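# predicted model follows, preceded by the sequence.
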Amino acid sequence: MQDVRGKTAFITGGASGIGLAMARAFGRAGMNVMLADIEPEPLAAAVAELEAMQVTAAGVPCDVSERASVVQAAAETVARFGKVHVLCNNAGVGAGGLVGEVKPADWDWILSVNLMGVVYGVDAFLPHLRAHGEGGAIINTASMAGMISAPGMEPYSATKFAVVAMSEGWAAQLAPEGISVSVLCPGFVKTRIDQSRRTRQTRFGGPEASGESVTGASFVASGIDPERVGARVLEALLAGERYIFTHPDMRGLVETRFAAILQGFDAAAASPALAGMEYTTPRGSWPKADRAFARALKVNGSQA
């Protein structure tokens, strides 16, 4: 998307952290911004801040774990701005723990917010992105935890790996319609994700006082400024980047994981159990899928 001036972005988790930083960056670039958040007072303050910056902005209360709430937010966004061009599924929470000891309610909570919140966002906004025929962009916030999985972070990582997977598939499906799909994978950022239990819904156990969470309060506190992430997202949106990274020093961790995966393929190639096997996976029977998969692997014109 090369021209964003006058276009409208919808951002969940927009009252603070990465969401608000994206809103500031988008607003400075001339975009209209609709912020969605579960916390009414910070939401009102964020909208007031943007308006003081001369950004055309509005806010809507939204619980991304409830489909009806996201659908209503989409309707209010279109009623306010007429069109939506950029959808940022950014809201997220952190939970984790020792294997076998994570509470069922925590599993339900993190899956509902981090995974299904993205699904609900795409389901609710895609018809509006398609309706105006001007193309658009979907930016889903995952994490470096969607590329590498650290012990104790499995619930969080599971949702973020899922966001990466969905984004890759949707990117291939929607590219012919002029709708790009990108996945944001930041490392540690100075947000309040370590305090995300403050807004935990009643059906998942209700709010709790903040404390050391799966992401680690100390690591979050030492992270990069959200403003850098907001600027990076705008930069990537304008450039049409598929994968949006903010911590280039973490590349080695991903390369180590990929090397271990390739070792698994090497072991399979040398396996006596598979020796003499003449089976070939019939990818040729899925020509459209093959082409879509090839497109999904392209990053800035080169093969990833």
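Arrived safely, thanks for sending. Residues are numbered from 1 along each chain as shown.
# who are the packing partners of the helix or strand harbouring Ala36?
Taking DSSP states H and E as the definition, one finds Ala36 inside strand 32-37. Packing contacts for strand 32-37, counted by 3 or more C-beta pairs under 8 Å, 6 or more residues apart in numbering; DSSP states H and E, involve strand 8-12, helix 17-28, helix 40-52, strand 57-61, helix 67-81. Placement of C-beta: from N, CA and C, glycine included.
# quick one: mean pLDDT over the longest one.
Going back to what we said before, that points to helix 67-81. Averaging pLDDT along helix 67-81 gives 98.
# so how far is it off the chain centroid?
Counting by C-alpha atoms, centre = their mean, to the nearest Å, helix 67-81 is centred 19 Å from the centre of its parent chain.
# output that helix in PDB with nothing but the alpha carbons.
As requested, the backbone C-alpha atoms of helix 67-81 are provided in PDB (Å, rounded to 0.1, in the frame of the first residue of the first chain):
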ATOM      1  CA  ARG A  67     -17.300 -12.300  17.900                       C
ATOM      2  CA  ALA A  68     -20.400 -10.000  18.300                       C
ATOM      3  CA  SER A  69     -18.200  -7.300  19.900                       C
ATOM      4  CA  VAL A  70     -15.800  -7.300  16.900                       C
ATOM      5  CA  VAL A  71     -18.700  -7.300  14.400                       C
ATOM      6  CA  GLN A  72     -20.200  -4.300  16.200                       C
ATOM      7  CA  ALA A  73     -16.900  -2.500  16.200                       C
ATOM      8  CA  ALA A  74     -16.600  -3.100  12.400                       C
ATOM      9  CA  ALA A  75     -20.100  -1.700  11.900                       C
ATOM     10  CA  GLU A  76     -19.300   1.400  14.000                       C
ATOM     11  CA  THR A  77     -16.000   2.000  12.100                       C
ATOM     12  CA  VAL A  78     -17.700   1.900   8.700                       C
ATOM     13  CA  ALA A  79     -20.500   4.200  10.000                       C
ATOM     14  CA  ARG A  80     -17.900   6.700  11.300                       C
ATOM     15  CA  PHE A  81     -15.400   6.600   8.400                       C
END
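# strand 32-37 and that helix, what's the angle between them?
For helix 67-81 against strand 32-37, the angle by axes from the mean of the first three to the mean of the last three C-alpha atoms, to 10 degrees is 160 degrees.
# kindly report the same for the fourth one.
Using the same axes, to 10 degrees, the inter-axis angle of strand 57-61 relative to strand 32-37 is 20 degrees.
# by how many degrees do strand 57-61 and helix 17-28 diverge?
150 degrees.
# any weak-confidence spans in the chain?
For the chain, residues meeting the criterion pLDDT under 70 lie at 209-217, 284-304.
# let's go with 80 and repeat that
Counting by pLDDT under 80, the chain contains low-confidence ranges at 1, 192-196, 209-222, 283-304.
# relative to Ala142, which of the helices and strands packed on strand 32-37 is closest?
Closest of those to Ala142 is helix 17-28, at 11.6 Å (criterion: C-beta to C-beta).
# my read: Ala145 touches Met153, true?
Yes: contact between Ala145 and Met153 holds when scored by C-beta atoms under 8 Å: they sit 5.8 Å apart.
# quick one: which of the two has more around it?
Ala145 (25 against 21; other C-beta atoms under 10 Å).
# what's near enough to touch the nearest residue to Glu51 once chain neighbours are set aside?
Using C-beta to C-beta, 6 or more residues apart in numbering and skipping the chain neighbours, the partner closest in space to Glu51 is Ala57 (5.7 Å). Applying C-beta atoms under 8 Å, 6 or more residues apart in numbering to Ala57 gives the contacts Ala23, Gly27, Asn32, Val33, Met34, Leu35, Val47, Leu50, Glu51.
# sounds good, over and out.
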